[in-house]
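> heads up, no residue letters with this:
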């Protein structure tokens, strides 16, 4: 592996894993998605113009790999693993559980917006969705999160 490949992998490793986990909801599937994304990168060696295009490429490929995993026949019949992250506070535990109850497309936009600091315009372009769709998904995800957290007696 060339040193440039190593630096790119190091630079985007956390982003890919966090998004894979946000999309998949469990560690095992996130690991599988993560590996597939970087295998594709090493096989294709995409010619990316700058860091913005590189970041967008990794996000798009991560989402595509997650979608492929969800469509696979064995995945349809397998139960999702219970929460496999050790969380220390009630707030983070409640939030983690609430996020897992959201549909994958809502978890995805929430993650990209809040954890990756992407604008709705950037999310729209990367996910190939209309800007209005991304804004609607964010609004609905926030509303649903609020409802779910109320079930846990979480105060706002």
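That came through, no problem. Because the structure is predicted, anything quoted here is derived from the model rather than measured.

> for the helix or strand where residue 4 lies, name the packing helices and strands.
Secondary structure assignment for residue 4, by DSSP states H and E: helix 3-24. Counting contacts by 3 or more C-beta pairs under 8 Å, 6 or more residues apart in numbering; DSSP states H and E, helix 3-24 packs against helix 27-44, helix 51-71, helix 104-110. Bear in mind the C-beta positions are built from the backbone N, C-alpha and C, glycine included.

> what are the buried residues along that helix?
Burial within helix 3-24, assessed by neighbour count using 16 or more other C-beta atoms under 10 Å, is assigned to 8-9, 12, 15-24.

> residue 107: neighbour count?
Neighbour count of residue 107, defined by other C-beta atoms under 10 Å: 21.

> show me the contacts for the closest residue to it other than its chain neighbours.
Nearest non-adjacent residue to residue 107, counting by C-beta to C-beta, 6 or more residues apart in numbering: residue 22, 5.0 Å away. Residue 22 makes contact with 99, 107-108, 110-111, 115, according to C-beta atoms under 8 Å, 6 or more residues apart in numbering.

> coming back round to it: go through the buried residues of helix 3-24 and say which is closest to residue 135.
Distance ranking of those against residue 135, using C-beta to C-beta, places residue 22 first at 18.6 Å.

> among the contacts of residue 22, name the buried ones.
99, 107-108, 110-111.

> how about those residues, which pair is most distant?
Once C-beta to C-beta is applied, the buried ones among the contacts of residue 22 give 99 and 108 as the farthest pair, at 10.7 Å.

> would you mind measuring from residue 144 to residue 114?
According to C-beta to C-beta, to the nearest Å, residue 144 stands 15 Å off from residue 114.

> which one's more surrounded, the two?
Legend: neighbour count by other C-beta under 10 Å for residue 144 and residue 114, higher for residue 144 (16 against 12).

> so for this structure, the centremost residue is which one?
For the chain, residue 19 is the residue whose C-alpha lies nearest the centre (C-alpha atoms, centre = their mean; 2.5 Å).

> for it, give me its contacts.
Applying C-beta under 8 Å, 6+ apart, the residues near residue 19 are 59, 62-63, 66, 108, 111-112, 116.

> switch those residues over to a markdown table; also include distance to residue 52 and pLDDT.
Conversion of the contacts of residue 19 to a markdown table gives the following (distance: C-beta to C-beta, whole Å; pLDDT from 0 to 100):
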| residue | distance to residue 52 | pLDDT |
| --- | --- | --- |
| 59 | 11 | 92 |
| 62 | 16 | 93 |
| 63 | 17 | 90 |
| 66 | 22 | 87 |
| 108 | 19 | 89 |
| 111 | 18 | 87 |
| 112 | 14 | 89 |
| 116 | 13 | 84 |
